[in-house]
Every structure is written in C-alpha cells, then in structure tokens.
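In: Here is my input; please provide its structure:
(one chain, ligands or ions: 1)
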Amino acid sequence: MTARIIDGKMIAARIRAQIRVENEKRLQMGKQQPGLATVLVGDAAASQSYVRMKHRACEEVGFQSYGHQLDENATQTEVETIVRTLNDDPKVHGILVQLPLPQHLDENAILDLISVEKDVDGIHPLNIGRLAQKGREPRFVACTPAGVMVLIHSVVENLSGLNAVVLGRSNIVGMPVALLLIAEDATVTVCHSRTKDLAATCASADILVAAVGRREIVKADWIKPGAVVIDVGTNRVDDPGSKRGYRLTGDVAFEEVKEIAGAISPSPGGVGPMTIAMLLKNTLHSAQLLD
Ligand code: GUN
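Out: Have a look, this model is predicted:
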C-alpha cells in the first residue's frame, strides 16, 4: 500500500495562520510587534534564499524583521559586534545567525554570544544542554527538529517504546531530533558516517528521520513496512532542463520508499516550511516572554 503523505506545506501554513491571528490579538492589546533579526555573512545562494524566505514569512504574519548582510570577508569582531547590538535591542526578540558561516569565522564563539533569551533558533549550547537533561526545558527548541516532531505527531500520537533511527548527528538537526525523541520515550539510534550496517539499522525503525545530506541514500529495502519516514535532506542535483539549472531532492528515494513506508514526509515540501513556521512560533513566544 502506498504511504500516507505527510503534507508539511499544509501543516506549516496552518501554523502560520494561527500565529498571525495570535499576533493580531497581541497588537490589538497594544503590545510590541515581535521582531526577528537575521545575520547573513557572505553570498551563498542557498543561505540567501533561506534568509529571504524567513523575512517574507515574518511579513506575512505581521512581525518586524531586520536583516544584517555582511560581506564574505567580514571579521569575527564585526559579526560579534552585530550580535551584541541585537542582544541589547529591545525591538529584537529573536536573533538568527544563518549557518554555515564562512570558514575563517569562529562559529561557536558567535553562537555562544547570542542571548539565550533571544535564541529563537534554539541552537545556543544552553538550550541544547537543557534539552539533553531530564527535568529541564529549553527556552527554545531548534526549529527544524521541532518541525520534525510536529510532522511525526501528525501521524503518531505516542512515541513511547517505538524504535526511532536518526541518520545524521549535526548540531542543528540530528542531535536535537534524537534528544527530542528520547524525551518522548522512543528508543533512539543515531547513525552517522561510521555506522556499520545502515540498511539493517534503518530496517528496525518505526520512525526514521533522514538528515545526512546524501542524495536519495535511503532506499526501499531500508524501510520497515509501515514505518514513518521524515526526510530532512535537501540536496542540489544538476538539472540542465530546469530554469535554475538544478533541482532539489531529499535523502530518501521517495518514489520507492513510499511503496513500503506507512507515512512519509517528502523533501522538498515537507520539513523546510515547518522550519520557518517553528521559527515564527519561537519568535512570538520570545516576544511573549519578554513582554
Ligand atoms: N542553516 C540551515 N538550517 C539552519 C537553521 O535551522 N538555522 C540556522 N541558523 N542556520 C541554518
């Protein structure tokens, strides 16, 4: 039987609509307009496009957004000065430094500087650390992982005791997704480039989250029949026939996997819109906490 398609675009649109209504109520009460600041260093096309989408989404729900674009050769001090200024700016409730940063910059030092109270990206070590500890709550959960969990919950209510396999252990996706799954009592295996038998490990998964950035690496014979598959990958593939010269494809071989899985979130069109919806949600939450 063909898998149920998890429609991230539609779920994200519904969340954005709720945020817009909540924000309207907030503004009618005379409260401050939520403000998101982005910091983009360099001119990588993908990062520029992501940041543009984030600003457009802010406008759509009635938030203010502030874009800071720095040259590829910006110095550590220049970037840190902007982050410090944004930390002190009362109009700014959320700060997002778009990753990856150019190689010459010390990414950890920059992320450490972001005020935990404005870390709407949820990737400050304090927020991740809180996520990893029992009995603690992060102020913000990282946006892509939070979006992944909403997609999973659109088809499975209770994750307790389920086998979850996460492909990838990145700071912004794989690791926080694993922590969120553990927090919901799933039994979690995290796979990476040194994992010996990826196919067999994946075949044990009731829930499979693919976030390795390898084009269509997940094949149909890696999938337990009926599993929930969330594709986080967005890989560029040359496509001379298309207007942009490339197309995007996920980490999952969608056409074959959908014949085995019980539910699948495709990429593109699944997790991507959820990341932005979660960013807006975190920004509104931040404004509420800072009121
Ligand atoms: N680059 C790709 N995804 C993300 C994200 O979620 N946050 C930031 N800051 N950079 C990214």
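In: how about the strands in the stretch 151-291 of the chain?
Out: Applying DSSP state E, counting those that start in this stretch to the stretch 151-291 of the chain gives strands spanning 163-167, 187-191, 207-210, 228-231, 235-238, 246-249, 263-265.
In: so can I have a markdown table of those showing mean neighbour count, distance to the ligand and mean pLDDT?
Out: In short, each C-beta sits where N, CA and C put it, glycine included. Listed next are the strands of the stretch 151-291 of the chain as a markdown table, based on neighbours: other CB atoms under 10 Å; distance: least, CB to the nearest ligand atom, whole Å; pLDDT from 0 to 100:
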| stretch | mean neighbour count | distance to the ligand | mean pLDDT |
| --- | --- | --- | --- |
| strand 163-167 | 27 | 16 | 98 |
| strand 187-191 | 19 | 18 | 98 |
| strand 207-210 | 28 | 15 | 98 |
| strand 228-231 | 29 | 15 | 98 |
| strand 235-238 | 13 | 13 | 93 |
| strand 246-249 | 16 | 14 | 94 |
| strand 263-265 | 26 | 16 | 98 |
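In: Take the ones you listed and lay them out in TSV including distance to K54.
Out: Conversion of those to TSV gives the following (distance: least, CB to CB, whole Å):
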stretch	distance to K54
strand 163-167	25
strand 187-191	28
strand 207-210	22
strand 228-231	21
strand 235-238	20
strand 246-249	18
strand 263-265	20
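In: and L99, which of those is closest to it?
Out: Shortest distance between L99 and these, using CB to CB, is found for strand 235-238: 17.0 Å.
In: Can you name the residues bridging to V165?
Out: Beta bridges link V165 to T189, L208 when assigned by DSSP bridges.
In: Contacts only, for it.
Out: Residues in contact with V165 (CB atoms under 8 Å, 6 or more residues apart in numbering) are V188, T189, V190, C191, T201, C202, S204, A205, I207, L208, V209.
In: Mind putting the residues you listed into JSON lines with distance to I172?
Out: Converted to JSON lines, those look like this (distance: CB to CB, whole Å):
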{"residue": "V188", "distance to I172": "17"}
{"residue": "T189", "distance to I172": "20"}
{"residue": "V190", "distance to I172": "14"}
{"residue": "C191", "distance to I172": "17"}
{"residue": "T201", "distance to I172": "22"}
{"residue": "C202", "distance to I172": "22"}
{"residue": "S204", "distance to I172": "25"}
{"residue": "A205", "distance to I172": "21"}
{"residue": "I207", "distance to I172": "19"}
{"residue": "L208", "distance to I172": "19"}
{"residue": "V209", "distance to I172": "13"}
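In: ok, so of those, who is nearest A277?
Out: A277 has its nearest neighbour among the contacts of V165 in V209, at 17.7 Å by CB to CB.
In: Could you confirm G30 falls within a strand?
Out: No. Judged by DSSP: H, G, I helix; E, B strand; the rest coil, G30 forms no part of a strand; its state is coil.
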